[in-house]
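A.B. asks: kindly return the folded structure for what I paste below:
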Amino acid sequence: MVIAGSPVAGSMAARRFAHWRYGRWMIAGAKPVQGQIDEKHWHCFSSPFEVGVIAGSRPIGLGRLFGPLPEPNDGTVPVAETRFAAARDSITLKLSHTEMLISNRLIEQALGFFATGSFAHPGRNPLAGEQ
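C.D. replies: Residues are numbered from 1 along each chain as shown. Down below sits the predicted model:
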């Protein structure tokens, strides 16, 4: 399984958005995972699948409307919010949160993970190209 731009460690932008009147209304039905699983327990995460994590580092996105985000980030989700210890592999691509939806590089990385269980990291694989 590959997750891309998913704030598995909680979302600073969503927490800030929830403080706005319309934000509370829009996400009222969402059940946050943050607070239910803290960082020291992510190692207990188990899945019948190997998990690969793709994060973005181009800081262009609506999440920045709610305040600054820790660097690096994809404009909506900081890279640190995408990481957890149980992931088999992770990689950061120079993409914004929205660009991930249409990125050929992301698709190539995901397909590579499905085939090999790891991403094509620069320096490890000369065919990986610029990330």
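A.B. asks: grab the nearest non-local neighbour of residue 78.
C.D. replies: Nearest residue to residue 78, sequence neighbours excluded (C-beta to C-beta, 6 or more residues apart in numbering): residue 70, at 4.5 Å. From N, CA and C alone the C-beta is placed, and that goes for glycine too.
A.B. asks: would you mark the buried spots in stretch 49-57?
C.D. replies: 51-57 (16 or more other C-beta atoms under 10 Å).
A.B. asks: same question, stretch 2-11
C.D. replies: With burial defined by 16+ other C-beta under 10 Å, the residues of stretch 2-11 counted as buried are 2-5, 7-11.
A.B. asks: want to throw those residues into a markdown table with pLDDT?
C.D. replies: Output for the buried residues of stretch 2-11, formatted as a markdown table (pLDDT from 0 to 100):
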| residue | pLDDT |
| --- | --- |
| 2 | 95 |
| 3 | 95 |
| 4 | 96 |
| 5 | 94 |
| 7 | 90 |
| 8 | 86 |
| 9 | 79 |
| 10 | 77 |
| 11 | 77 |
